[in-house]
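# Next input, structure requested:
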Amino acid sequence: MKNSLLVSLSVIIVNSLIAQNPCATKMVLMEQSCAKNCGPCYFHIRDYTNPLYAAHKNQIAMVVYNQAPIGVGSWSEQNKPYYAFGSIFNLEYQSMVMIDRTFFPNNYMLQQGPTSEGVESEAIAFNNQINSINVPVSVNITNTYNSTTRAVNINVTANFCDIASGDLRIYVVLTQDTVKGPAGESYGQNVNASNGVLDGYNVVTYPNSIGNWAESYAFINPVKYQPSGFFGNAGIIPANPVIGNNYTENFSFTLPLKNSTTEAMNIEPNRIQIVAAVVKNGAFQNREVLNANKKYLVTPAVGIQENSLSNLQFNVLNPIGNTLFLNYSSTTNGVGHIYVYNSVGQIIKTLNNLEYNTSVSKATIDVSDLSNGIYFVSFKAEGIFHTRKIVISK
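Residues are numbered from 1 along each chain as shown. Coordinates of the predicted model:
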């Protein structure tokens, strides 16, 4: 009787420890509807979505559903990801962001109402999710790629360390970390701004199109291929998965050179990221994310890093006293912007319209009003955010 009681207590303690200690690092899946055709979208992306991702790249898997020739499909192609993402999840407003497909009762998209999966503040939603204690599954990705045939083979493995149940599935999508589109096409970022220059982009009006456009806008993480569909395949993971077991699904396909003949540029394999998640089908309204992960299709070559351009050099030193020192240069000329974020991705300081060229330029930021802690500094050039971490310790 005593031994049985000890065994029972041991089981309770072990189960309690499992519930309190996540088996995997939490990665938040941040999905965004197309950043086109909607005037305020440009400023939403510039001021909120991209900076949040830049400050937390290692904690966010970002997926953006864009229209061709940058993404996959057009408004008339209802079965392809661009249109289907908005219609399947009932997103009435473009540039809406979903964080792990979870309902936030105090942070829902106000325009769409209290049943929306879209969040009003991405930073608040991210902070809530990344601090979640319960991460019931690890998501691991392995793959091969044949550069001659463009054959892709991906294995995604879900390993559960806590109790989970329901219609659990594996979701996989491929994004290209940066796609800078060509000039002369109305593919890109529609803005509420007059013709001229905005953040280094030429703002133009195209014939037979509504609004003005930030020409050659650089999109971050647009979808290029979606082998699992939005909901994944049933039957790979049982309704009540066994803790400690691996559940693996294979995806094999040929990465197309382009998604269609109208696509503006070829898909670049060395810039492709594999994003995978374990999702619960039907949770909340359509789908809930248990955990996610990401990796490059091929090991990036030296000098190629996520969302960075090799022609820009940007350096930041930890503050000396109350002053933050920065320097920057580039092999090209342009105008950039610097953003300082706190640990939850909120913009707290900015330096706008900084001209850069081949000469090394210097800038300073007064941080006397900031408390000790970790911050992130991003230099935005040609639509790309170059982010550095700093520590303030006074």
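# Can I take it that Gly229 is in a helix?
No - with DSSP: H, G, I helix; E, B strand; the rest coil as the criterion, Gly229 is assigned coil and is not in a helix.
# tally of neighbours for it?
Residues near Gly229, counting by other C-beta atoms under 10 Å, number 14. Any C-beta I mention is one placed from the backbone N, CA and C, and that applies to glycine too.
# Distance check, it against Ala61.
Distance, Gly229 to Ala61, using C-beta to C-beta, to the nearest Å: 17 Å.
# and what of Ser194?
Distance, Ser194 to Ala61, by C-beta to C-beta: 36 Å.
# higher neighbour count, these two?
Ala61 (26 against 9).
# so how far is stretch 179-191 from its chain's centroid?
Remark: stretch 179-191 is offset 20 Å from the chain centroid, using C-alpha atoms, centre = their mean, to the nearest Å.
# What average pLDDT does it get?
What stretch 179-191 shows for mean pLDDT is 76.
# same deal with stretch 325-343?
On average, the pLDDT along stretch 325-343 is 83.
# send the alpha carbons of it over as CSV?
C-alpha atoms of stretch 325-343 as CSV (Å, rounded to 0.1, in the frame of the first residue of the first chain):
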residue,chain,number,x,y,z
PHE,A,325,26.6,55.7,-30.7
LEU,A,326,25.8,54.4,-34.2
ASN,A,327,27.6,54.3,-37.5
TYR,A,328,26.6,53.2,-41.0
SER,A,329,27.6,53.2,-44.6
SER,A,330,26.6,51.5,-47.8
THR,A,331,27.8,50.8,-51.3
THR,A,332,24.7,52.5,-52.6
ASN,A,333,23.1,55.9,-51.8
GLY,A,334,19.8,56.2,-50.0
VAL,A,335,17.7,57.4,-47.1
GLY,A,336,17.1,55.3,-44.0
HIS,A,337,15.4,55.4,-40.6
ILE,A,338,16.4,54.2,-37.2
TYR,A,339,14.0,52.7,-34.7
VAL,A,340,14.7,51.8,-31.1
TYR,A,341,12.4,49.1,-29.5
ASN,A,342,11.9,47.9,-26.0
SER,A,343,11.8,44.2,-25.2
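# which parts of that stretch are buried?
Neighbour-count burial for stretch 325-343, counted by 16 or more other C-beta atoms under 10 Å, picks out 326, 328, 330, 335-342.
# now swap in stretch 356-365 and tell me
Neighbour counts over stretch 356-365 (16+ other C-beta under 10 Å) mark 356, 365 as buried.
# With respect to Thr157, which of the buried residues of stretch 325-343 is nearest?
Set against Thr157, the nearest of the buried residues of stretch 325-343 by C-beta to C-beta is Tyr341 (33.3 Å).
# so who does the closest one touch?
Contacts for Tyr341 were tallied using C-beta atoms under 8 Å, 6 or more residues apart in numbering; they are 51-52, 54-55, 347-348, 375-378.
# how far away is it from Asn50?
11 Å.
# Please apply the same query to Leu326.
Taking C-beta to C-beta, one finds Leu326 at 19 Å from Asn50.
# Make sure Ser74 is actually in contact with Ala68.
Yes - in this structure Ser74 lies within contact range of Ala68 using C-beta atoms under 8 Å: 5.4 Å.
# Neighbour-wise, which one of the contacts of Tyr341 leads?
Counting neighbours by other C-beta under 10 Å, the top entry in the contacts of Tyr341 is Ala55, with 28 neighbours.
# do you know how far that residue is from Val191?
Remark: distance between Ala55 and Val191 (C-beta to C-beta) = 23 Å.
# Repeat that for Asn266.
Using C-beta to C-beta, we find Asn266 at a distance of 27 Å from Val191.
# who has more neighbours, those two?
Val191 (22 against 9).
# For that one, which residues are in contact?
Shown in contact with Val191 (C-beta under 8 Å, 6+ apart): 39, 41-43, 198, 203, 211-214.
# Repeat that for Val391.
318, 373-375.
# if you set the cut-off to 6 Å instead, what comes out?
318, 374 (C-beta atoms under 6 Å, 6 or more residues apart in numbering).
# any idea which element it lies in?
Element membership for Val391, per DSSP states H and E: strand 384-392.
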